[in-house]
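> return a 3D structure for these sequence lines:
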Amino acid sequence: MAARIALFDLGGVILDWSPARLYSQIFTDSAECERFLTTVCTMDWHTQHDAGVSFEDNAAALTLKFPQYESQIRAWRTRWMEMFDGCIAGSERLIENLAGSGRPLYALSNMPAEAWPEVREAFPVLSRFRHVVVSGEIKLIKPDPKIFHYTLARMGGPSPDEVLFIDDVPKNVATADALGFRTHLFRGAAGLERALILEGLL
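Have a look, this model is predicted:
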């Protein structure tokens with residue numbers, strides 16, 4: 001049985017997003033930049049944004065702990081779009097090809113609700129998706145199985161084995177696989193294109 005729906009992650013699959021891109025501009029010392037991203041504004045801290053905590057509340061709690069870095073912490077929100085550098089090479093072309101052939105396209109992203117309108121406006125390719133589930137809006141995050149069940153409902157209730165889920169994070173792919181989705185661990189557009197052809201979507 002071939003897939004009939006493609007469900008994409010955004011950051012790391014379609015959008016080239018990296019906090020280091022911003023903070024390498026803020027810090028002149030690369031070692032200090034690395035320390036900041038591994039001990040202050042960590043990915044665990046950022047995950048709270050994805051789960052629905054506001055940038056303001058999350059920054060306020062962290063600046064109490066690291067007052068010397070207040071401006072750098074707040075830059076996570078005020079300079080958010082500087083973490084992006086367009087689309088992952090080749091991914092936009094695949095989305096356009098799928099959309100052009102009429103394939104149902106959806107996205108499921110761990111992303112802060114506050115940032116989503118800016119991201120959507122900045123990347124026209126995102127308009128190709130029939131719906132984008134944004135974790136921060138519903139306060140559920142991957143790899144929680146609940147967000148996958150929610151997404152299936154938003155897609156009209158297809159069987160998971162009709163959906164090819166594409167993500168670059170192994171634990172997200174593992175959860176989707178356990179729930180019966182067809183899955184692809186993204187490591188580049190060439191591999192994804194082969195998977196889409198194999199699944200009958202291209």
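> and His184, backbone torsions?
Backbone geometry at His184, expressed as degrees, to the nearest 10, gives phi -140, psi 120.
> state the number of residues packed around the residue nearest to it when sequence neighbours are not counted.
Leaving aside its chain neighbours, His184 sits nearest to Ala195 (4.3 Å; criterion: Cβ to Cβ, 6 or more residues apart in numbering). Just so you know, the C-beta spots here come from the backbone N, C-alpha and C atoms, and that holds for glycine as well. For Ala195, the number of neighbouring residues by other Cβ atoms under 10 Å comes to 20.
> cool, Asp167 as well?
27.
> and it, how far from Ala174?
Remark: distance between Asp167 and Ala174 (Cβ to Cβ, to the nearest Å) = 10 Å.
> kindly report the same for Val133.
For Val133, the distance to Ala174 - Cβ to Cβ - is 19 Å.
> the more surrounded of the two?
Ranked by neighbour count (other Cβ under 10 Å), Val133 and Ala174 place Val133 first, with 24 against 14.
> which SS class is the residue of the chain positioned farthest from its centre?
In the chain, counting by Cα atoms, centre = their mean, Gln68 sits farthest out from the average C-alpha position, at 29.9 Å. When states are read from DSSP: H, G, I helix; E, B strand; the rest coil, the local structure at Gln68 comes out as helix.
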